[in-house]
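1. Got a sequence here, can you build the structure:
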Amino acid sequence: MDAKRVRPFYSIENAQEYMALLAEMISETRSDIESEIASTNPESSRYVDALRLVSYNLNKLDGHIRGSRRALNDLRALRRLIFQASRDR
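-> Numbers count the residues shown, from 1 in each chain. Reported below is the predicted structural model:
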């Protein structure tokens, strides 16, 4: 079995790929939810309230994902600096 399948976060780059896919899916889902809210009859308030709650939680998740992606980028840059410094010794 392929090592990447067994260990999907074997490298920072693999984790970055995963986070990029997750961010894309969150964005698509947010668009779908916003469209659903816009096209829903306002009289079905419980349903609209539930959709708004989903939208709110997707927005929170999106913020966490963006922060995680920045942290992964920082780790990747630091790894390059450390490897470069170890070669220069």
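
2. so how many other residues sit close to residue 24?
-> Using other CB atoms under 10 Å, residue 24 has 10 other residues around it. No exception for glycine: its C-beta is placed from N, CA and C like everyone else's.

3. what about it, distance to residue 87?
-> Residue 24 sits 35 Å away from residue 87, going by CB to CB, to the nearest Å.

4. again, but for residue 32
-> Counting by CB to CB, the separation of residue 32 from residue 87 is 48 Å.

5. And the two? Which one has more around it.
-> Using other CB under 10 Å, the more surrounded residue of residue 32 and residue 87 is residue 32, with 13 against 7.

6. Just the element for that one, please.
-> Secondary structure from DSSP states H and E places residue 32 in helix 12-39.

7. Quick check: next helix or strand after that helix?
-> Per DSSP H and E, the first helix or strand lying C-terminal to helix 12-39 is helix 45-88.

8. pLDDT averaged over that following helix, what's the number?
-> The predicted model assigns helix 45-88 a mean pLDDT of 95.

9. That one versus helix 12-39: what angle between them?
-> Relative orientation of helix 45-88 and helix 12-39, computed by axes from the mean of the first three to the mean of the last three CA atoms, to 10 degrees: 160 degrees.

10. and helix 45-88, what does it pack onto?
-> Applying 3 or more CB pairs under 8 Å, 6 or more residues apart in numbering; DSSP states H and E, one finds that helix 45-88 contacts helix 12-39.

11. which helices and strands does the helix it packs on pack with?
-> Helix 12-39 packs on helix 45-88, going by 3+ CB pairs under 8 Å, 6+ apart.

12. How far off centre is the helix it packs on?
-> Computed by CA atoms, centre = their mean, to the nearest Å, the chain-centroid distance of helix 45-88 equals 6 Å.
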